[in-house]
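Asker: give me the fold of what follows.
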Amino acid sequence: MNSVAARVTELTGREVAAVAERGHSHRWHLYRVELADGTPLFVKALPDDAPALDGLFRAEALGLDWLGRSFGSPVPQVAGWDDRTLAMEWVDERPPTPEAAERFGHQLAAMHLAGAESFGATWDGYIGPLPMDNTPRSTWPEFYAEQRILPYLRRAADRGALTPGDVRLVEKVLDALDHLAGDPEPPARIHGDLWHGNVLWQDDGAVVIDPAAHGGHREADLAMLALFGLPYLDRVRDAYNEVAPLAEGWRARIPLHQLHPLLVHVCLFGAAYRTTLVDTARAALRA
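Answerer: Below is the predicted model of the structure:
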């Protein structure tokens with residue numbers, strides 16, 4: 001605890017009054033840190049004896065800053081970071097409501113509409129503890145195939161979590177990607193890892209955390225919200241459509257956009273997600 005307090009003081013230039021551990025996620029521990037002036041912070045920190053994950057907290061800090069430049073952005077402010085620690089404002093959660101869901105839909109649409117210069121980003125990314133290639137590309141099908149599907153497909157196959165037949169099935173999706181992707185859209189400013197656990201509800205909307213932010217396809221964030229279920233998701237999507245109407249056929253493309261997060265889950269957690277991945281790949285092809 002003392003090392004966490006010292007790190008936060010160094011990053012913020014402010015004295016720490018209390019540190020309380022709040023569990024762990026992947027390789028890092030989570031803390032609620034109270035500064036001497038009463039300000040609470042949320043802190044992620046690698047243990048002192050753990051090897052650094054090169055660029056992990058840098059990617060998250062830069063992603064939060066980038067997402068935060070959109071109007072009414074639903075992200076917390078970063079208080080400081082280095083290669084072992086990330087400190088940001090503390091967010092008190094509220095129960096989800098239909099009204100908050102509608103506001104969140106408007107917030108998410110505005111964030112996406114802020115746009116990006118290309119598909120990808122100018123920093124190396126992470127999704128959870130896995131590296132994510134953000135090399136900029138000019139077209140989404142190329143970006144999705146080369147940097148969001150193939151690296152994790154290979155990793156999952158190498159660890160034995162997918163069969164050769166599973167790999168061929170996903171490759172069939174990639175072969176048809178230009179057709180399955182729908183009409184081209186400009187790159188959106190997306191969160192990139194928007195499952196419901198990364199949505200913290202507020203009275204007047206929501207705050208999103210733990211981004212894998214990059215210029216991507218806006219349908220990806222909405223598909224990820226649907227993957228593991230979000231309260232009042234229909235209200236979120238209806239409100240989103242008021243600000244930034246989704247293109248024709250978006251429902252049929254949900255499985256296509258869910259392939260990337262499912263492959264990440266196979267890489268992290270093994271064959272437990274294999275059946276869902278295979279079913280989703282087949283659904284993407286049927287579309």
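Asker: now do the phi/psi pair for the closest residue to residue 132 other than its chain neighbours.
Answerer: For residue 132, ignoring the flanking residues on the chain, the nearest one in space by CB to CB, 6 or more residues apart in numbering is residue 125 at 3.6 Å. Just so you know, the C-beta spots here come from the backbone N, C-alpha and C atoms, and that holds for glycine as well. The phi/psi pair for residue 125 (degrees, to the nearest 10) reads phi -110, psi 170.
Asker: wait, doesn't residue 125 sit right on residue 135?
Answerer: No. Using CB atoms under 8 Å as the test, residue 125 is too far from residue 135 to be in contact (9.9 Å).
Asker: more neighbours: which of these two?
Answerer: Remark: of residue 125 and residue 135, residue 125 carries more neighbours, 26 against 14, as counted by other CB atoms under 10 Å.
Asker: that one: what's it in contact with?
Answerer: Counting by CB atoms under 8 Å, 6 or more residues apart in numbering, residue 125 touches 59, 63, 131, 132, 133, 134, 192, 212, 213, 214.
Asker: gap between it and residue 144?
Answerer: The gap separating residue 125 from residue 144 is 14 Å, by CB to CB, to the nearest Å.
Asker: ok, now residue 101?
Answerer: For residue 101 relative to residue 144 (CB to CB), the value is 28 Å.
Asker: got any ranges where the stretch 51-200 of the chain has weak pLDDT?
Answerer: Scanning the stretch 51-200 of the chain for pLDDT under 70 picks out no residues.
Asker: strands along that one, start to end?
Answerer: Using DSSP state E, counting those that start in this stretch, the strands of the stretch 51-200 of the chain run over 78-81, 85-89, 125-127, 130-132, 188-190, 199-202.
Asker: out of those strands, nearest to residue 4?
Answerer: Of all the strands of the stretch 51-200 of the chain, strand 85-89 sits nearest to residue 4, with 7.5 Å by CB to CB.
Asker: buried ones in the closest one?
Answerer: Buried residues in strand 85-89, counting neighbours by 16 or more other CB atoms under 10 Å, are found at 85, 86, 87, 88.
Asker: ok, so of those, who is nearest residue 280?
Answerer: Distance to residue 280, by CB to CB, is smallest for residue 86 among the buried residues of strand 85-89, at 31.5 Å.
Asker: next, count neighbours for the residue nearest to the closest one when sequence neighbours are not counted.
Answerer: Leaving aside its sequence neighbours, residue 86 sits nearest to residue 57 (CB to CB, 6+ apart; 4.1 Å). Applying other CB under 10 Å, we find 23 other residues in the vicinity of residue 57.
Asker: residue 57 touches residue 80, doesn't it?
Answerer: No. Between residue 57 and residue 80 there is no contact under CB under 8 Å: 9.9 Å.
Asker: turn the contacts of residue 125 into a markdown table, columns for distance to residue 231 and neighbour count.
Answerer: Converted to a markdown table, the contacts of residue 125 look like this (distance: CB to CB, whole Å; neighbours: other CB atoms under 10 Å):
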| residue | distance to residue 231 | neighbour count |
| --- | --- | --- |
| 59 | 28 | 26 |
| 63 | 24 | 26 |
| 131 | 32 | 15 |
| 132 | 27 | 22 |
| 133 | 33 | 16 |
| 134 | 30 | 25 |
| 192 | 21 | 27 |
| 212 | 22 | 25 |
| 213 | 23 | 28 |
| 214 | 26 | 31 |
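Asker: could you dump those residues to CSV with distance to residue 176?
Answerer: What follows is these, written out as CSV (distance: CB to CB, whole Å):
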residue, distance to residue 176
59, 31
63, 30
131, 27
132, 24
133, 22
134, 25
192, 23
212, 25
213, 28
214, 24
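Asker: excluding chain neighbours, what is closest to the residue most central in space within the chain?
Answerer: For the chain, the residue nearest the mean C-alpha position is residue 193 (1.8 Å; CA atoms, centre = their mean). Nearest non-adjacent residue to residue 193, counting by CB to CB, 6+ apart: residue 212, 4.1 Å away.
Asker: ditto for residue 231
Answerer: residue 96 (4.2 Å).
Asker: same deal with residue 217?
Answerer: Using CB to CB, 6+ apart, the nearest residue to residue 217 is residue 140, at 5.2 Å.
Asker: try residue 117
Answerer: Using CB to CB, 6+ apart, the nearest residue to residue 117 is residue 215, at 6.7 Å.
Asker: would you say that neighbour is within a strand?
Answerer: Yes. Counting by DSSP: H, G, I helix; E, B strand; the rest coil, residue 215 is part of a strand.
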